[in-house]
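Peer 1: Here's a sequence, model it:
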Amino acid sequence: MDTIYQIKSREITETPLFLFACTLASGVVERWSTHKLNAGEEEYAARVLRHNLLEFSSAAEDSIDAVSRVALTLANADAHFSQIQRAIGFKGAKLIVEFVFADLKSGAPASEGIVIFRGICDPPDEITEDTIRLSFSSRMSLQRTLLPEVRVQRRCPWVFPTNQIQRAEAVDGGARSNYSPFFRCGYSPDQTGGVGNTGAGGVFTSCDYTRSSCVERGMFDKDTDGNDTRRFGGIEFVPSTISVRTYGEKGSHLSAATENESRYNDFVPIVYGTAWYKPPVIFARNDGNLTHTEILLGMGEISGIVKVLANGIELPAGSNAPNATATGWYSTVTNGTRPGAFNPNFKDGSGNPAGDPYGSMAVLSVVVPNRISDGSSLPRMEVLLDGQILPTYGEDAAFLNRTFTKNPAWILLDLLRRNGWQEDEIDLSSFAVVAAYCDETIETTDLNGGVRDVPRFQCNLVLRQRRSAADVIRGVRNGSGLYLTYGAGGLLELHAESTIGIQQATKPAGSNSTEQLNGGWPAYEFGDGSSPFSDILRKESGGPSVRVWCRSTADTPNRYTVEFQDEFNEYQQDSLSLVDLDDSMTAGHEVSVNLPALGIPNFNQAARVVRLALDRSIRGNTYVEFETGLRSIGLKPGDLITFSYAREGLSREMFRIIRISPDLNYSTAKITAQAHKDEWYAGEAGLTGGGRQPSLTVGLPRPLVGVLLDENGDSQFGIEESYRENTDETWNADLSVSFSPPPKPGTNVPGVPIVNLAATIDAAGGALKGGRSYYYAVSGVAEDGAESPLSFVVRAAVAAAVDTNSVTLQNLSFAAGSVHFHVYRGNTPAKLLRIASRQAISASFTDLGAESTAAAAPDHNYHHANFYWRMELLPETAATSHSATTITNAGLGMLGSEYRGKIVRITKGPGHGQERSIASNDATTITISLPWDPEPNQTSSFIVAEPGWGFGAVGEGSPVTFTVPNRQDAVIHISGRSANVADLECAYELSPLTRHTIGGGAADTEVP
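Peer 2: Next comes the predicted model:
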């Protein structure tokens, strides 16, 4: 059998026909055409009287390149279709339109077919005595489909499988894998590998989607076989109000009222790539000292959390976070896998989980101290997230793996699969080819002018508010220069819009081109006969059916603006606006629009996308429209063709097809194409932004740093005593307290360095202890020692297996004027100490376990330091036993309740630095009001001190001097707290505390 491309090139061809195959909801297939045809065992009835294929378009308003709607008028004199409508119904029937050449004498196809349309049927538009009119919406038309697709609601949003076929699919999703509507529920107790409970009557065949029904069916926590299920997707748990006691409070009070920001009927967010966003807070409850919140991160499995801010303050990760009650912390409840998880912070009276399991949703637990949020209102949460883990495929269409990716090809594939497209409807190999093209690296410059290699196209996208899937897909396509169309086999293909040498490097099937053009092959070459090519139909007057036209000035923007989060600037929101000055001067004014592009990651890609839009709008404002015959078969919107038209001086000029409008049975077609130049796609340099910008808001400063570090690595002040004689011949003790003020970035300092957000961890060759998180930042240093603001704080989560770890910071980039750099490290983002000074400028730095020094990191929030003092009441004592709420020394001999209301502090060993209010004491044991976290042990030591503080002094620089009681051998505590310009202080729990023994005064102690 000849191919379509062979037949269409002949002077005399077989009859072109459209074949319509309609699969009804019952599975019965109806086949129609304008002529009766037998294709093997398939017979097409001659019932098509009229059809309207409208047009193929690459710029359709529904965002995808295809026919948007087909209307068919079918012969119905025998009421054949009326009976189908009454018995089965046409609504939801699937239509496939195929083009073939047919031999009408034999009644058989003369060529293979090309699928040009797939659609879904609406109810009949009209039924008359002899006809029926049916309309089919394109499978590609996604204008009425919303993303995100899952709503926040009390009842579970997952689809319950009601029959055996659905339960078989629910086990693992079947051919649709995790995109199956039954996958997230997964109820399948009668299937091999399935989960769930059965009832008295056997397998459940219905569900009312409530929590109680989910529990009954074994899908809320565990089934009767002990399988973990946790599939419930409803959000209904809000913790009850409880009686709480704040630190230092003598009585108790009810916890602050909770709020629910996840408003019902809002949508669960979807995050692709890496991006900042404000996820909805499910609820918050204050326990008197800490506010516990749950954050709804989004749908589906995510890669991980990069950074969390609560009211603008960065929180450490919860795993092994030191002094977590002072800093707050975050921890992942569930990362969005099908079996969810319960928040261990909320349990009922029996110790069982009280919350929701959040199946197939990612949820974060955030706990913040009262100094950040006292629970009276919801904290303002911001999260920098590595989003969706997506399936990827090879160029042979074989599944590779599920991985975190920013590649727009895989993001588009996921968006399509979420909207009902199945693997057998998609040309996965075309997506793999485009994915490889997007991953190719190009050279650019970062905000500091450093040379970087970045992927050609990436996508970082947050879907927080509902919008049509068509808008989302169009935005991702526009942000990466991609387009979708049908292939010859009817599969959906993805292509990259580029130069002809890249887009059409090999000769397309059906092309009549005889030689390459700019390193590529035109899909077809049309002409008016003045060149070796023709194939343009003529009008009745004898002239060629050609129309050359341009858009009006109002329809050709000369300024485009796009917003994005810049990956080189901590993913802060930024924008780029470019104007074509020549065109604006010629037109006399600007025509400005926002470019509908989503997910752009940096200035380079933004500049390339905006420049292309300007070139196409202004320099590409030449369109041709012409009619042709069967030669247009096989051409698609997005293809590059050549056009020769001597009257307008066009000779083998390249045009990009934007629209094809076929006539009945494709006997003729009207093609609309836009001028194309390869140089619009050749530039890879893009633009860079105006430099990495530090935060301009005033927040809480970092903790003060002393002048030395103790055996625990904690900062200690330097203290010197001096004495002054009073008029009554007594002596006062003056303490001169030294500390290390943080460098305050000025106006003539280097710009902010750039560092890769992900650190590389090596388990060998270093001395860093495992089982904890380290936080790193770098600063640039000028020749005169002036220090830049800190870079992005990078978290390195080191596994607990060994204590020989090293951490490498990568892709370091420094602004002009930096001749050295400093490196800082800490156990929390707030407490950073310098570990390396005046390092030679390099693209990386490896920490093998360097010792920390008492040098503070730059802090633009620091303004001054406030110093306080208090007296120690019980000297340092070793713990001989302990519990969650007690600490004991058998030799103390305290009076009963002697220290009630005072403060006990752990000074050494596990839990050092913790302070708790004393509820009571007996001769040997101190009982506290709140549990230890972590609990001390026999290697720990403790002291008892006054609960209140006396003010000492305030100062911007070191040292500061103030007077304290001159008590021989008494121990005094010195607390220094950094403060901002509004005198808002860093948390006391994070600030250094130094114990100092007073040496006594210079008074005359001789016997008179």
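Peer 1: Now the element after the lengthiest strand in the chain, going C-ward?
Peer 2: Counting by DSSP state E, the longest strand found in the chain is strand 864-878. Helices and strands here follow DSSP states H and E; after strand 864-878, the next one along the chain is strand 881-882.
Peer 1: State the mean pLDDT of whatever helix or strand T642 lives in.
Peer 2: T642 belongs to strand 640-645 when assigned by DSSP H and E. Averaging pLDDT along strand 640-645 yields 94.
Peer 1: and whatever helix or strand I887 lives in, what does it pack onto?
Peer 2: I887 belongs to strand 886-888 when elements are defined using DSSP H and E. If you count contacts as 3 or more Cβ pairs under 8 Å, 6 or more residues apart in numbering; DSSP states H and E, strand 886-888 packs onto strand 881-882, strand 925-928. C-beta here means a position set from N, CA and C on the backbone, and glycine is covered the same way.
Peer 1: Just give the strands next to that strand in its sheet, each with its orientation.
Peer 2: Partners of strand 886-888 in the sheet, by DSSP bridges, are strand 881-882 (antiparallel), strand 925-928 (antiparallel).
Peer 1: Residues contacting the next helix-or-strand element following the longest one, please?
Peer 2: Downstream of strand 925-928, the next assigned helix or strand under DSSP H and E is strand 941-945. The contact list for strand 941-945 (Cβ atoms under 8 Å, 6 or more residues apart in numbering) reads 870-879, 887, 899, 902-909, 918, 926, 936, 971, 973, 995.
Peer 1: now do stretch 117-133
Peer 2: For stretch 117-133, using Cβ under 8 Å, 6+ apart, the contacting residues are 22, 49, 53, 66-67, 69-77, 81-82, 85, 89-97, 134-140, 425, 486, 490.
Peer 1: the inter-axis angle of the longest strand of the chain versus strand 941-945?
Peer 2: Strand 864-878 and strand 941-945 are oriented at 120 degrees to each other (axes from the mean of the first three to the mean of the last three Cα atoms, to 10 degrees).
Peer 1: one step back: for V698, find the nearest of the helices and strands packed on strand 886-888.
Peer 2: strand 925-928 (35.7 Å; Cβ to Cβ).
Peer 1: quick one: the closest one to chain centroid distance?
Peer 2: Distance of strand 925-928 from its chain centroid, counting by Cα atoms, centre = their mean, to the nearest Å, is 47 Å.
Peer 1: please renumber so the chain begins at 3
Peer 2: All right, first residue 3 from here; so that's strand 927-930.
Peer 1: residues of it that come out buried?
Peer 2: For strand 927-930, a neighbour-count test (16 or more other Cβ atoms under 10 Å) marks T927, I928, T929, I930 as buried.
Peer 1: hang on, the second one packs against I920?
Peer 2: Yes - in this structure, I928 sits in contact with I920. The criterion is Cβ atoms under 8 Å, and the distance is 5.7 Å.
Peer 1: and for the two, which residues touch both?
Peer 2: Y901, V906, V946.
Peer 1: Report the contact partners of the first one.
Peer 2: By Cβ under 8 Å, 6+ apart, Y901 lies in contact with L875, L876, I920, N923, I928, V946.
Peer 1: Then P281?
Peer 2: P271, I297, L298, L299, G300, L366, M383, V385, R466.
Peer 1: What is the burial count for the third one?
Peer 2: Think L298. 21 (other Cβ atoms under 10 Å).
Peer 1: For D861, see how far away it is.
Peer 2: As defined by Cβ to Cβ, to the nearest Å, L298 lies at a distance of 33 Å from D861.
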